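**Student:** Just the structure for this:
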Amino acid sequence: MSNEFWAEFDQLLDRAVPETIEYRLHYTASGDIYLCTMQNHPVDTDYLVATKDEYENYFNYRVVNGRLKRVVHDGGYHVQLRKSNSGFRTVKGHANLILEDEVYSDTENYEYRNY
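**Tutor:** The predicted structure is shown next:
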């Protein structure tokens with residue numbers, strides 16, 4: 001290939017403009033985020049421009065009064081257990097497998113942790 005070809009090729013690369021990325025979170029009237037886009041954005045939708053971190057973690061947010069608000073997802077009631085000599089009999093190494101009437105050779109006990 002000739003030097004002219006490579007010179008023209010280099011000029012093409014210099015003219016290439018990197019595509020800008022705009023992170024958008026599209027939401028419903030109730031504030032639920034239903035679509036995330038960073039290019040080829042749909043028209044006629046309500047959206048907010050977000051940071052990359054907000055975009056990647058969109059499930060932690062809602063739109064309230066036109067702004068993103070972080071939502072805390074509470075899994076419900078939490079109880080911590082600690083090993084003990086009495087309490088719930090469980091499969092050793094698996095505190096979530098509670099044994100009631102089952103016969104199992106390798107067990108350990110857990111009880112509620114009092115704060």
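
**Student:** Tyr110 versus the residue minimising distance to the centre of the chain, what's the distance?
**Tutor:** Residue closest to the average C-alpha location in the chain (CA atoms, centre = their mean): Asn57, at 4.6 Å. Note on Asn57: its distance to Tyr110, by CB to CB, to the nearest Å, is 33 Å. Any C-beta I mention is one placed from the backbone N, CA and C, and that applies to glycine too.

**Student:** Also Val71?
**Tutor:** Counting by CB to CB - Val71 and Tyr110 are separated by 32 Å.

**Student:** Looking at the two, which has the bigger crowd around it?
**Tutor:** A count of neighbours by other CB atoms under 10 Å puts Tyr110 above the other of Val71 and Tyr110, at 18 against 12.

**Student:** thinking that one is in contact with Val91, fair?
**Tutor:** No: proximity of Tyr110 to Val91 does not meet the contact threshold set by CB atoms under 8 Å, at 10.8 Å.

**Student:** Report how many residues lie close to Asp32.
**Tutor:** Residues near Asp32, counting by other CB under 10 Å: 10.
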